[in-house]
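Undergrad: would you be able to build a 3D model of this:
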Amino acid sequence: MSKMYCPQDIGDYLAHVNLTGNLYNVQVSPIAKTRFGGLIAFKMRYLVFHGDTDNVLTTSGSIIFLPPPTVVSTSEAITELLCDRYGIGSAKQPPSWVQSYSLPWVDNAQVAMQAIQCQIDQLKTDYERVELEAQHERRFLGLLYEQGDDGLEPLVREALYILGAKVIEPTRRGQEDGRLIDPFGRKAVLEIKGRDNQLPLKDVRQLVDWVSQLTPDGWNKGILIANLFRNSPPSDREDVYASNSLDRASKNNLALLTTTQLFSALKSHQAGTLNPQKFWDALFEASGPCALPELG
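TA: Residues are numbered from 1 along each chain as shown. Predicted structure coming up:
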């Protein structure tokens, strides 16, 4: 029993089987028949030709079709057939009572597995803890893009505290953005700004007003810390201070510090390379832009 198939039907198939083949044939051989001649079981295979049936190029293995079982399930019948004929899946599932028995080497292995599992659990706990610490420390990246009372200001004050200052937070909105006493006892009034462009003159004027009001109490230095061109990468930030802002800051002995400079100082501090004396001297001696490294 066979049928020859034309190349239009099988070109794509034959290209993966044999590049020179252009015809294939299906051979079907009966294994069992009903008394009326119908097939109960049979096997089939594929033959690939070139030109005619006398030139066989490739022959497949046999595919055997059996009738569905009636006493057991199909999966059970396949399992039993594979086991009897090929020895596949011949191992039996252990009965429940066998769990009452063991061997010393098995016991030792299980103890070792429990110890390793404890180590794995501890490593997972340590990893999660360190991951949370890393996420928490990433908050200082906000120095490079944040603005406002709730975004930029707390980060600036916390960074100054880490760098050694005693920082006094404002008690209400509408006043200066905080005050600090550096590690050497010098006092300063803070103004913290986030801007999309250059530092405007009004921000400098605002700090001048706060310093003039607080000078009688010993707060006679003003430090303006600004995140300028905050939507641009730090490497692209140039001419961050308007000329009139620079003039007013210089005349009033105000220090101008960018948050990128502050971030750079924090980075050096964490790396153990910051000189605190030079950092705070640069802030308190500046009249205009501070002579501190920018973020590279």
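Undergrad: just the mean pLDDT for stretch 284-296, thanks.
TA: Stretch 284-296 comes out with an average pLDDT of 92.
Undergrad: buried residues in that stretch?
TA: For stretch 284-296, the neighbour count (16 or more other Cβ atoms under 10 Å) marks F284, A286, G288, P289, C290, L292, L295 as buried. Where C-beta positions appear, they are placed from N, C-alpha and C, glycine not excepted.
Undergrad: return the subset of the residues you listed lying in strands.
TA: Using DSSP state E, the subset of the buried residues of stretch 284-296 located in strands is G288, P289.
Undergrad: can you tell me which of the buried residues of stretch 284-296 is nearest Q99?
TA: L295 (64.2 Å; Cβ to Cβ).
Undergrad: residues contacting the closest one?
TA: By Cβ atoms under 8 Å, 6 or more residues apart in numbering, the contact set of L295 is L144, P234, T260, Q261, F263, S264, K267.
Undergrad: ok, now which ones touch the second one?
TA: Just to be clear, that refers to P234. Counting by Cβ under 8 Å, 6+ apart, P234 touches L144, T260, E294, L295.
Undergrad: distance of the third one from K92?
TA: Put plainly, it is E294. 74 Å (Cβ to Cβ, to the nearest Å).
Undergrad: give me the neighbour count for the closest residue in space to F263 that isn't next to it in sequence.
TA: Excluding the flanking residues, the one nearest F263 by Cβ to Cβ, 6 or more residues apart in numbering is L143, at 4.6 Å. Close neighbours of L143, defined as other Cβ atoms under 10 Å, add up to 26.
Undergrad: now do E176
TA: Applying other Cβ under 10 Å, I find that E176 has 20 neighbouring residues.
Undergrad: quick check on it: phi, psi?
TA: Recorded main-chain torsions at E176 are phi -60, psi 160, according to degrees, to the nearest 10.
Undergrad: and the helix or strand hosting S212, what does it pack against?
TA: Using DSSP states H and E, S212 sits within helix 201-214. If contacts are counted by 3 or more Cβ pairs under 8 Å, 6 or more residues apart in numbering; DSSP states H and E, helix 201-214 sits against strand 187-194, strand 222-227, helix 243-251, strand 254-258.
Undergrad: ok, now with 6 Å
TA: strand 187-194, strand 222-227, helix 243-251 (3 or more Cβ pairs under 6 Å, 6 or more residues apart in numbering; DSSP states H and E).
Undergrad: pull the CA atoms of that helix into CSV?
TA: Extracted as CSV, the C-alpha positions of helix 201-214 are listed here (Å, rounded to 0.1, in the frame of the first residue of the first chain):
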residue,chain,number,x,y,z
LEU,A,201,19.2,86.7,40.3
LYS,A,202,16.1,86.4,42.5
ASP,A,203,17.6,83.3,44.2
VAL,A,204,20.7,85.2,45.1
ARG,A,205,18.6,88.2,46.3
GLN,A,206,16.6,85.9,48.5
LEU,A,207,19.7,84.5,50.3
VAL,A,208,21.1,88.1,50.7
ASP,A,209,17.8,89.0,52.5
TRP,A,210,18.0,86.0,54.9
VAL,A,211,21.7,86.7,55.8
SER,A,212,21.0,90.3,56.5
GLN,A,213,18.2,89.3,58.9
LEU,A,214,20.3,86.7,60.7
